[in-house]
Each structure stands twice: as structure tokens, then as C-alpha cells.
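Visitor: quick one, structure for this:
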Amino acid sequence: MSFFDSEIVQQEAMKLFQDYQNLMQLGSSYGKFDRDGKKLYIDQMESIMERYRIFMKRFELSEDFSAQMTVEQLKTQLGQFGITPQQMFDQMNQTLERMKAEIDA
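Guide: Predicted structure coming up:
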């Protein structure tokens, strides 16, 4: 069975994508949130980023050809911007840390 044929993988991918899309839509009003709302938004974003990191690690550890191709495609796409997947995650975390600092300022 292919990595992508797994119902668990498909469900997690769909849930992760939906949660991310919903959070991005909500984020368009971030500037209007009160302090607690901003903290909650950041917490939810951190949770999604951690889920995404775990999901991508599953791809990396899989011996399935399609999973490996997905990892390579991500590396190639990010490479066009001069960054690695790890740098992408690091930058996301730095952004969230800055957002936290702005709340507490």
C-alpha cells in the first residue's frame, strides 16, 4: 500500500489542511483580537506547526517512493527561496515568538 493510500494519512492531511485554512482566515482579523484572543491564536498556530512538523517527519521516515518524492518536492520548492524545511520551521517559530513578545510589550 502506498503511503498516500493510508486512510489515516489522508484524514490527517485533510484535517491539518482544514485547520490551517480556518486559522489563516481567522488570522485576517488578528489585529482586532484582544490580548487573550491573540494568545489563543498563537497557541493554535504553534499546535498546527507541530502537527505539520510531525506529519512531514512521517514522510521523511517512510520508505514509500511517493512519500520520498513529496519530501524532495518540498525541498526543491523551498530551495527556490533559498531555504530548507528546517529553516522554514525555524522562521515560523521566530515569527510566533515575535508575536508573543509584542503581546507582552
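Visitor: within the helices and strands, which one has Lys38?
Guide: Lys38 belongs to helix 35-61 when assigned by DSSP states H and E.
Visitor: got the angle between the following helix or strand past that helix and helix 35-61?
Guide: Going down the chain from helix 35-61, the next helix or strand is helix 65-79, by DSSP H and E. Angle, helix 65-79 to helix 35-61, by axes from the mean of the first three to the mean of the last three Cα atoms, to 10 degrees: 120 degrees.
Visitor: shaky segments in the protein?
Guide: 1 (pLDDT under 70).
Visitor: show me the residue at the heart of it, geometrically.
Guide: Geometric centre of the chain, nearest residue: Met49, 3.7 Å, by Cα atoms, centre = their mean.
Visitor: state the distance from the nearest residue in space to it that is not next to it in sequence to Gln86.
Guide: Using Cβ to Cβ, 6 or more residues apart in numbering and skipping residues adjacent in sequence, the residue nearest Met49 is Met92, 5.5 Å away. Just so you know, the C-beta spots here come from the backbone N, C-alpha and C atoms, and that holds for glycine as well. To Gln86, Met92 is 11 Å away according to Cβ to Cβ, to the nearest Å.
Visitor: for stretch 92-105, buried residues please.
Guide: For stretch 92-105, burial by neighbour count (16 or more other Cβ atoms under 10 Å) applies to Met92, Leu96.
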